[in-house]
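>>> fold the following for me, if possible:
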Amino acid sequence: ALVASYHRGACLISSAGGCTSMMLYQALNRSPAFSFDSMRTAGQFVAWSMESFEAFQKEANATTQHGKLVDVGTTIEGNHVYLNFEFTTGDASGQNMVTIATQAVCDYIKNSCPVPIQQLYVEGNLSGDKKASSQAYTSVRGRKVTAEVVLTPALLDKYVHATPRQLIDYWRMS
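Numbering: from 1, shown residues only. Below is the predicted model of the structure:
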């Protein structure tokens, strides 16, 4: 059923003269999670982490010729810290690439961190890997694109069997 839907959409877009698209942003994230004995220790870890970004980049970038660690953010929940590593991956999809690079950074953190880490997980689930998350709407997972196609009422009737008003009403409801 999906193949038929995709085919109908592709025919509609082709009949409309194609679409215009643009890539807005490219990044892939991993969010390792860290647990500490107290919120104070978690805060010390965050301060150290922010000063260690260049060392993190060196560790991550050494694992791949194509991926680059370009940013890191933090989320603190009590004595838990999530580092959100953002990578570019060139032309590669990069799922395994960023996991390997993040593991290398986590190994560096485990061996170099000045405060004791109780637990460390290479993926703390803030990046939205293989599941819906608010991260998908506030950031990007891979490439964020936008596209535009101009559809006439006649084309909508022919391919979608709906009027522009019906599509607007459905959009409002859904």
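
>>> how about residue 90, nearest residue that isn't a chain neighbour?
What sits nearest to residue 90 in space, not counting adjacent residues and going by CB to CB, 6 or more residues apart in numbering, is residue 66, at 3.9 Å. (Glycine included, C-beta is placed from N, CA and C.)

>>> wait, that neighbour sits on residue 87?
No. Applying CB atoms under 8 Å as the test, residue 66 and residue 87 come out as separate, 9.7 Å apart.

>>> mind listing the shared neighbours of the two?
Residues touching both residue 66 and residue 87 (CB atoms under 8 Å, 6 or more residues apart in numbering): 94, 97.

>>> settle it for me: which of those two has more neighbours?
Remark: of residue 66 and residue 87, residue 87 carries more neighbours, 24 against 13, as counted by other CB atoms under 10 Å.

>>> for the more buried one, give its distance to residue 74.
Counting by CB to CB, to the nearest Å, the separation of residue 87 from residue 74 is 16 Å.

>>> ok, residue 92 next?
For residue 92 relative to residue 74 (CB to CB), the value is 26 Å.

>>> can you find the helix or strand in the chain with the smallest mean pLDDT?
Using mean pLDDT, DSSP states H and E, helix 135-138 stands out as the lowest-scoring helix or strand of the chain, at a mean of 60.

>>> helix, strand or coil: sort out the residue nearest to residue 90 for me.
coil (DSSP: H, G, I helix; E, B strand; the rest coil).
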